[in-house]
Structure formats: structure tokens, C-alpha cells
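Asks: Provided below for reference: sequence and predicted model.
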Amino acid sequence: MLFDQVNRELELAQRHLEVLKVVIDRGPIGILKLAEETGMPTHKVRYSLRVLEQSQLIKPSSHGAIAGNAVETFLSEFEKDIDELISTAELVKDIGKSF
């Protein structure tokens, strides 16, 4: 109810991260191979690729998706960004405990 949208966004972020990980580990890689590797339908892989490309985390090549220009910065800041999300979630949890 109150957290439905947050949960959907986290699930979407998880999917994008799974696609990004495969691209980084096995790129260049095409949509069909990505779908096979991740177990996701091709339409979901295609959407994740579009989002990741807009963020410059991946880029297309003639042989499939490869890591993009922003991936190094993203990975170096990843843990800090996740820690900030966890801190915010803990604050929300503490507010909920006060009811």
C-alpha cells in the first residue's frame, strides 16, 4: 500500500543491476543471450538495456551491449549509494516503531 511503489522501484533496480552485471561480465552480449543468461523475458531485458544506456552504464556495439562510460563511476559509488538507501529505510523503520 504505502510502500508498493518503493518495492516496485527496488525490484526494477534489481533487474537493471542483474542485466548490467551480465553485460559487464560477458559483454559484448545481445538481447537474446542476455534473456537466456538472466532468465528474463526479452521485453524486460530490452527495457533494462534502454534505461542502462540512457544512464551511460552500457552502450551498444555491433556485437551487443558493452559496459558504458559511466560504469566505473557507478561502481565506485555503488556501496555508498546503497548505504544511503539503507540508512533512509532504517529511519523509516524507526518512525514506524514509534506508533
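Replies: Okay, I see it.

Asks: in the chain, which spans are helices?
Replies: Under the criterion DSSP state H, helices of the chain are mapped to 4-26, 31-38, 42-54, 71-97.

Asks: quick one: closest of the ones you listed to His63.
Replies: helix 31-38 (10.5 Å; CB to CB). For the C-beta atoms, the positions are set from N, CA and C on the backbone; glycine is no exception.

Asks: hmm, who's touching that closest one?
Replies: 18-19, 22-23, 26, 29, 40-42, 45-46, 49, 64-65 (CB atoms under 8 Å, 6 or more residues apart in numbering).

Asks: ditto for stretch 45-56
Replies: 15-16, 19-20, 23, 31, 34-35, 38, 40, 58-60, 65, 68-71, 74.

Asks: and the residues you listed, which are buried?
Replies: Buried positions within the contacts of stretch 45-56, assessed by neighbour count (16 or more other CB atoms under 10 Å), are 15-16, 19-20, 23, 31, 34-35, 38, 40, 58-59, 65, 68, 71, 74.

Asks: and the residues you listed, which two are the farthest apart?
Replies: Ala35 and Phe74 (22.8 Å).

Asks: do you know how far the nearest residue to Lys44 once chain neighbours are set aside is from Ala35?
Replies: Sequence neighbours aside, Arg15 is the residue nearest to Lys44 in space, at 6.5 Å (criterion: CB to CB, 6 or more residues apart in numbering). With distances taken as CB to CB, to the nearest Å, Arg15 is found 12 Å from Ala35.

Asks: any low-confidence regions in this structure?
Replies: Within the chain, no range satisfies pLDDT under 70.

Asks: and with 90 instead?
Replies: 1-2, 99 (pLDDT under 90).

Asks: ok, so of the contacts of helix 31-38, who is nearest Leu85?
Replies: Distance to Leu85, by CB to CB, is smallest for Glu18 among those, at 17.3 Å.

Asks: contacting residues for that closest one?
Replies: Taking CB under 8 Å, 6+ apart, one finds Thr38, Met40 in contact with Glu18.
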